[in-house]
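> No sequence on hand, only this structure:
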């Protein structure tokens, strides 16, 4: 490792659904200081879920000024800015770099009908026309999700339903690249962040490029797509007025950065072939590096470009994980009460621990926003099953923790089949990894050794810092597993596993027997 790394730093931006967490992190992954700014989501009829990009930028400025103003490190020691941001949140910008409307977030499904029009037709499998998918899968590794939550669905929604906005659009940008545009004045994206536009040929991991045939099929203007680069490439330097406002030296470099999944992978420490991590935040995912290109079209798993140049990663993302607890907090505690509570999530954690493994037979299905993997069905909904007059509040709370773990187990089985091996141990990161109870539940439900990583909520930020550090030559990828510290390992407890195996079988049965009802009620 470069000897300068310990006293050289990155302003690492972790932009998530619920807010922006800015951190100062050393090139070796040490978190020095952080600041947070909450950003709301606007839910609209018909599956809309939007955020105001100006609010994102205000959050970046506020947290950056706060951090740098604290003087934790001298500003001249901050060598770069690097952003990790939500995957599949799409921003339309004009020729002056101004956003033309709210961002359509990864939860926005209003483009589903336009995707289905392109991707469906006889003969079909799971809703996809076979011949149409044969054009996509060999090139991209997958194809547009029928749920309408991918970037390409957002673009088609704007083109077809907001034509004035489409006409004025100079470029459609992933959210990470909107930040980079505001930082540098340059329009660009990275190979990993552009993936869910489903318009890049990734057959040669070292020569990724847009595919003209796919662009023609979806019918969008190729000039509205940003040029591409590696995540570790230096995009440029920070604009003088931005540098002055937040207190950074002129000439501070801006590294391209990555989508949140890929940054989390780097920050989890699981960066080598077949090392795996589990992220539990608002959403959740299982992710691992694989040394091959492959696709499981039936369960939405594919080899996709990683933030690490020359590497593929496979991922199975699920829509709601920690978001279930946020829903419960909002449900249990009125706003005026929530504002008085120091940590409502700790209250949930403590109450859940009072219920036995298995929540006295209660099962929660966490499909509050539909599901994308291992089944792609935006009509699914959540539920609490087997409730009775003897059910206690603690049982309901614990069932939410366990239901997310059951859903993850469902996903893990297909990811391991895809990888061709058992993934064990699994590094756990994200806000959910702060809970020892949840780590224990995951170990028992998954029957895997769960490694609770240190500073798990900083995994995305740490990944952004490592991406900058690699790009600037301070560290190598192979050094990362030794740079990320572990808090504790949770091994499966056999007695708990017996209970969870039974409940997991019924969890799958709930999906099989209820999916038709959800379709009838929600279509």
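Received it, and whenever you're ready, just let me know what you need. All of these numbers come straight from a predicted model, not from anything done at the bench.
> list the contacts for residue 24?
Contact partners of residue 24, counting by C-beta atoms under 8 Å, 6 or more residues apart in numbering, are 9-12, 31-34, 67-68, 72-73, 78. Where C-beta positions appear, they are placed from N, C-alpha and C, glycine not excepted.
> part of a helix, is it?
No: counting by DSSP: H, G, I helix; E, B strand; the rest coil, residue 24 is not found in a helix; it is strand.
> Which strand residues bridge it?
residue 11, residue 33 (DSSP bridges).
> Out of the contacts of residue 24, which comes closest to residue 257?
Within the contacts of residue 24, proximity to residue 257 (C-beta to C-beta) peaks at residue 12, which comes in at 8.9 Å.
> Just the closest of the contacts of residue 24 to residue 265, please.
Nearest member of those to residue 265, counting by C-beta to C-beta, is residue 12, at 14.9 Å.
> returning to that earlier point: of the contacts of residue 24, keep whichever come out buried.
Among those, those scoring as buried are 9-12, 31, 33-34, 67-68, 73, 78 (criterion: 16 or more other C-beta atoms under 10 Å).
> What residues does residue 412 make contact with?
286, 316, 423, 446, 448.
> no no, residue 205
293, 305, 310-312.
> how about those residues, which pair is most distant?
Going by C-beta to C-beta, the pair spanning the contacts of residue 205 furthest: 293 and 310, at 12.2 Å.
> can you pull out the strands in the stretch 401-523 of the chain?
Along the stretch 401-523 of the chain, counting by DSSP state E, counting those that start in this stretch, strands occupy 426-429, 450-453, 486-490.
> residues in contact with stretch 86-95?
Stretch 86-95 is contacted by residues 15-17, 51, 53, 99-101, 103-106, 149-151, 154-155, 158, 165-166, 168-175, 178, 181, 187, 193, 196, 259-261, 317 when judged by C-beta under 8 Å, 6+ apart.
> Which of those residues fall within strands?
Of those, the ones assigned to strands by DSSP state E are 15, 51, 103-104, 171-174, 259, 317.
> From these, keep the buried residues only.
Counted by 16+ other C-beta under 10 Å, the ones in strands among the contacts of stretch 86-95 give 15, 51, 103-104, 171-174, 259, 317 as buried.
> want to try JSON lines for those, with pLDDT as columns?
Shown next, in JSON lines, are those (pLDDT from 0 to 100):
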{"residue": "15", "pLDDT": "96"}
{"residue": "51", "pLDDT": "98"}
{"residue": "103", "pLDDT": "98"}
{"residue": "104", "pLDDT": "98"}
{"residue": "171", "pLDDT": "98"}
{"residue": "172", "pLDDT": "98"}
{"residue": "173", "pLDDT": "98"}
{"residue": "174", "pLDDT": "98"}
{"residue": "259", "pLDDT": "95"}
{"residue": "317", "pLDDT": "84"}
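> Which member of those is positioned nearest residue 271?
residue 259 (15.6 Å).
> Residue 271 belongs to a strand?
No: applying three-state DSSP, one finds residue 271 to be coil, outside a strand.
> right, and it touches residue 277 too?
No: assessed by C-beta atoms under 8 Å, residue 271 is found out of contact with residue 277, at 9.4 Å.
> Now for those two: what residues contact both?
In contact with both residue 271 and residue 277: residue 265, using C-beta under 8 Å, 6+ apart.
> ok, these two, which is more surrounded?
Higher neighbour count among residue 271 and residue 277: residue 277, with 30 against 24, using other C-beta atoms under 10 Å.
> Distance check, residue 82 against residue 319.
27 Å (C-beta to C-beta, to the nearest Å).
> more neighbours, the two?
With neighbours defined as other C-beta under 10 Å, residue 82 and residue 319 compare such that residue 82 has more, 33 against 23.
> And what about that one, helix, strand or coil?
Criterion first, three-state DSSP; result for residue 82: strand.
> dump the residue contacts of it.
Neighbours of residue 82 in contact, by C-beta under 8 Å, 6+ apart: 10-13, 254-257, 464-465, 467-468.
> Got a ChimeraX select line for the buried ones in the residues you listed?
Per 16+ other C-beta under 10 Å, the buried members of the contacts of residue 82 correspond to this ChimeraX selection:
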select :10,11,12,13,254,255,256,257,464,465,467,468
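> Out of the contacts of residue 82, name the two that are farthest from one another.
11 and 256 (14.6 Å).
> Pick the one among the buried ones among the ones in strands among the contacts of stretch 86-95 closest to residue 442.
residue 317 (16.3 Å).
> Can you check which of the strands of the stretch 401-523 of the chain gets nearest to residue 390?
Evaluated with C-beta to C-beta, those place strand 486-490 nearest to residue 390, the distance being 29.7 Å.
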